[in-house]
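> Pasted the sequence and its predicted model underneath.
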There are 2 protein chains.
Amino acid sequence: MAALFRRAALVGVGMLGGSLGRAMLKRGLVKEVVGIDQCQGVLAKAVSLGAVSRTTASLPECVGGADLVILAAPVVAVLELLPKIAAHLAPGALVSDVCSTKGAVLKQALACLPESVTFLGGHPMAGSEKDGVEALDEQLFENAVYVLTYTVRNALSQQFVRLLEQLGAIPVEMGAEQHDRVVANVSHLPHLAASVLAEVVAANSKDRKEIIRLAAGGFRDTTRVALGNPQLWRDICLTNRGELVLLLDAYLRELGAVRDLVAAGDENGLLAHFQRARDFRSQVPLPKLRKNGQPTWA
Amino acid sequence: MAALFRRAALVGVGMLGGSLGRAMLKRGLVKEVVGIDQCQGVLAKAVSLGAVSRTTASLPECVGGADLVILAAPVVAVLELLPKIAAHLAPGALVSDVCSTKGAVLKQALACLPESVTFLGGHPMAGSEKDGVEALDEQLFENAVYVLTYTVRNALSQQFVRLLEQLGAIPVEMGAEQHDRVVANVSHLPHLAASVLAEVVAANSKDRKEIIRLAAGGFRDTTRVALGNPQLWRDICLTNRGELVLLLDAYLRELGAVRDLVAAGDENGLLAHFQRARDFRSQVPLPKLRKNGQPTWA
């Protein structure tokens, strides 16, 4: 199909950015992708993997002249990038990001960016604990929900929606506030539950060898996300503090109640707890698969 | 190869029992498997799936004359079965179980069973949240650790070890006390972390639709085990209370500390936490795969 954008600036070429760059180029959805990354070594790899058409070390050069600007960096870096790119954006450009929290980014974008450009927050519910451009996957977005947050000032761009659809993604519109509340439930609280679990188990040094030997599917799956990038998750916590503290408090309360059921040997209370947990978890449908048969986060 | 046991009694023909029965029969490791289950409907399925050679409704008939007795029921049921089978066991029979906690079963076995039989506790670190004989998998034990707990009175049976090796399993000897401590870390605490997570997220009814829509890999993996059988997990909690309460208290303390880091926006504290969690999780090696390429719990 005809290119939807002429020139995409890719600011940050990690696993997500690299996947997006290569997926857009391969399908001819953009004519060229100009990449920049704070880590110079990444750029040569990005070129050889087909994630970008060319690279630059200059942020103004990267974003100037682009009709699509994708900020594919952790959220705190994106908050710092927005004022830096503002003066260099071409009028009419569409600016988007891929961050896991949307409220802080949207607020910063509205405060920094000129009215001549459109900002549309984006969050692909794809990816994994894997890091770096070498983990890119041009099929990453197939059948993955891609949340778009916009404001009255910055309307939904049908051109960007079409681009996402061409990548096989499922665009879902949502307010930034609701997005941050929902992902606190489905992603941020689960992440902290997992990372704290890993830390608590790690503290049992006496049985370390046997613990690692016996760790099977339950432990691996429950703690897989704890393999994620520490900086990225620090940033997510810092930019979704309000929702996360509310949920952590609820988790602490409920966990304390279940701890008391275990201590008391309360058969009926434990059974009812496990039944409620299973009832809810059963409502989460099986994952949609990508064309290669893998789930959207594998 | 020549059969290692003449007649196996399979008391409980669910996913684990059924997998074991079919795997032993298919490989000719036992001449026949006689199955019994408290649920009558299960037995016809078990026969048609090749999990048992024949069935009976009489527990004395099932275990009498068997040289191998496998109690493949949830742990509280096994505690009740042991005194019931004691008088009917053939001298020299080997009795084993597949329960997730070993201390209570071993104590009960030593108290109930005659000295003419051998009791060897068993715990295959395989399986999944799937339930019932229709979920059986004759390759379930391939490359899976199979813990064996024995006492001085009841020595390790080399015949049973050979049987497990023929199933592709990795027998690991461990004291019952250490086993229960280790699985509290790698299985029971992770399970409660997951089930409480599911229950807390379920409580957010306002965003229910969006939560289910956005639940991706992180949420699915972190909470997969919450799909497990509620009775089974109630029994596990009831028979590993001491270790589990200790670990739950440690989890509550650490979770409270991380909650305070989030509330305070403590960048360095959060980064250090996520790094420690990743460091430990990275030490858990990639799963060994079965011959069909699936991990041992898929």
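Cool, got the structure.

> and residue A:274, what does it touch?
Residues near residue A:274 by CB atoms under 8 Å, 6 or more residues apart in numbering or on different chains: B:195, B:226, B:228, B:230, B:233, B:234. From N, CA and C alone the C-beta is placed, and that goes for glycine too.

> Near the residue in the stretch 1-150 of chain A positioned nearest to chain B, how many other residues are there?
When scored by CB to the nearest CB, the stretch 1-150 of chain A has residue A:125 as its residue closest to chain B, at 4.2 Å. Residue A:125: 25 surrounding residues under other CB atoms under 10 Å in any protein chain shown.

> Which ones among the contacts of residue A:274 map onto helices?
Among the contacts of residue A:274, DSSP state H puts B:195, B:230, B:233, B:234 in helices.

> Name the member of the residues you listed with the most neighbours.
Neighbour counts for these, by other CB under 10 Å, peak at residue B:195, which reaches 29 neighbours.

> I'd assumed residue A:273 was in contact with that one.
Yes. Assessed by CB atoms under 8 Å, residue B:195 is found in contact with residue A:273 at 6.5 Å.

> shared neighbours of these two, anything?
residue A:258.

> Can you tell me which helices and strands the lowest-mean-pLDDT helix or strand in chain A packs against?
For chain A, using mean pLDDT, DSSP states H and E, the weakest element among its helices and strands is helix A:217-223, scoring a mean of 89. Other helices and strands packing on helix A:217-223, by 3 or more CB pairs under 8 Å, 6 or more residues apart in numbering or on different chains; DSSP states H and E, are helix A:189-202, helix B:189-202, helix B:217-223.

> Looking at those helices, which is nearest to residue B:172?
helix A:189-202 (18.3 Å; CB to CB).

> counting contacts, what elements does the next helix or strand after that closest one pack onto?
Downstream of helix A:189-202, the next assigned helix or strand under DSSP states H and E is helix A:208-214. Other helices and strands packing on helix A:208-214, by 3+ CB pairs under 8 Å, 6+ apart, are strand B:145-149, helix B:176-183.

> average pLDDT for helix A:208-214?
Averaged over helix A:208-214, pLDDT sits at 93.

> SS state for the residue positioned nearest the centre of chain A?
When CA atoms, centre = their mean is applied to chain A, the residue found nearest the centroid is residue A:100 (4.4 Å). Here residue A:100 is recorded as coil under DSSP: H, G, I helix; E, B strand; the rest coil.

> so it makes contact with residue A:183?
Yes. Counting by CB under 8 Å, residue A:100 does reach residue A:183; the two are 6.3 Å apart.

> any shared contact partners between those two?
Jointly contacting residue A:100 and residue A:183 under the rule CB under 8 Å, 6+ apart are residue A:123.

> hmm, back to that, format the ones in helices among the contacts of residue A:274 as JSON lines; extra columns: pLDDT and distance to chain A.
Output for those, formatted as JSON lines (pLDDT from 0 to 100; distance: CB to the nearest CB, whole Å):
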{"residue": "B:195", "pLDDT": "97", "distance to chain A": "4"}
{"residue": "B:230", "pLDDT": "94", "distance to chain A": "4"}
{"residue": "B:233", "pLDDT": "95", "distance to chain A": "5"}
{"residue": "B:234", "pLDDT": "96", "distance to chain A": "4"}
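
> what two of those residues are the furthest from one another?
Greatest spacing in the ones in helices among the contacts of residue A:274, by CB to CB: B:195 and B:234 (10.8 Å).

> Run the chain-centre distance for stretch A:94-105.
Centroid displacement of stretch A:94-105 relative to its chain, using CA atoms, centre = their mean, to the nearest Å, is 10 Å.

> domain parsing for chain A?
A:5-174, A:179-282 (automatic domain parsing).

> Determine the number of other residues adjacent to the nearest residue to residue A:130 once chain neighbours are set aside.
Counting by CB to CB, 6 or more residues apart in numbering or on different chains, residue A:130 lies nearest to residue A:15, which is 5.8 Å off, once chain neighbours are set aside. The local packing of residue A:15 (other CB under 10 Å) involves 23 other residues.

> any idea how far residue A:127 is from residue A:15?
6 Å (CB to CB, to the nearest Å).

> cool, residue A:196 as well?
22 Å.

> ditto for residue A:228
9 Å.

> quick one, strands of chain A?
With strands called from DSSP state E, chain A shows them at A:5-11, A:30-36, A:54-55, A:68-71, A:94-97, A:118-124, A:145-149, A:170-173.

> between these, which one is nearest to residue B:214?
Nearest to residue B:214 among those is strand A:145-149; the distance by CB to CB comes to 6.0 Å.

> And the closest one, what does it pack against?
For strand A:145-149, the packing partners by 3+ CB pairs under 8 Å, 6+ apart come out as strand A:118-124, helix A:158-166, strand A:170-173, helix A:176-183, helix B:208-214.

> what would those look like in a markdown table with distance to residue B:105 and mean neighbour count?
Output for those, formatted as a markdown table (distance: least, CB to CB, whole Å; neighbours: other CB atoms under 10 Å in any protein chain shown):
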| stretch | distance to residue B:105 | mean neighbour count |
| --- | --- | --- |
| strand A:118-124 | 48 | 23 |
| helix A:158-166 | 54 | 17 |
| strand A:170-173 | 48 | 16 |
| helix A:176-183 | 43 | 22 |
| helix B:208-214 | 39 | 18 |
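
> In a markdown table, list the ones you listed along with distance to residue B:81.
Listed next are the helices and strands packed on strand A:145-149 as a markdown table, based on distance: least, CB to CB, whole Å:
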| stretch | distance to residue B:81 |
| --- | --- |
| strand A:118-124 | 51 |
| helix A:158-166 | 57 |
| strand A:170-173 | 50 |
| helix A:176-183 | 46 |
| helix B:208-214 | 40 |
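
> Indicate which one of the ones you listed is closest to residue A:261.
Comparing those by CB to CB, helix B:208-214 comes nearest, at 25.0 Å.

> Give me the number of neighbouring residues for residue A:52.
28.

> Surely it touches residue A:35?
Yes. Between residue A:52 and residue A:35 there is a contact under CB under 8 Å: 3.3 Å.

> okay, and the common contacts of these two?
Joint contacts of residue A:52 and residue A:35 (CB under 8 Å, 6+ apart) are A:10, A:13, A:21, A:43, A:46.

> What residues sit buried inside the longest helix seen in chain A?
When chain A is parsed with DSSP H, its longest helix is helix A:241-264. If you call a residue buried by 16 or more other CB atoms under 10 Å in any protein chain shown, then helix A:241-264 has these buried ones: A:241, A:243-245, A:247-248, A:250-252, A:254-255, A:258-259, A:261-262.

> Which single one of those is nearest to residue B:93?
Using CB to CB, the buried residues of helix A:241-264 come closest to residue B:93 at residue A:262, 34.8 Å.

> Per-residue pLDDT of that closest one, please?
98.

> got the contact list for it?
Contacts of residue A:262 by CB under 8 Å, 6+ apart are A:270, B:192, B:237, B:241, B:244, B:245, B:248.

> What separation is there between the fifth one and residue A:53?
Looking back up the chat, that one is residue B:244. Taking CB to CB, one finds residue B:244 at 56 Å from residue A:53.

> cool, residue A:19 as well?
Distance of residue A:19 to residue A:53, given as CB to CB: 16 Å.

> how much space is there between the residue nearest to residue A:130 and residue A:189?
23 Å.

> and the stretch 51-200 of chain A, which residues reach chain B?
Within the stretch 51-200 of chain A, the residues that sit near chain B (CB under 8 Å from any CB of the partner chain) are A:125-126, A:128, A:144-145, A:147, A:172, A:174, A:178, A:181-183, A:185-187, A:189-200.

> how about a cut-off of 7 Å?
A:125, A:128, A:145, A:147, A:172, A:174, A:178, A:181-183, A:185-187, A:189-200 (CB under 7 Å from any CB of the partner chain).
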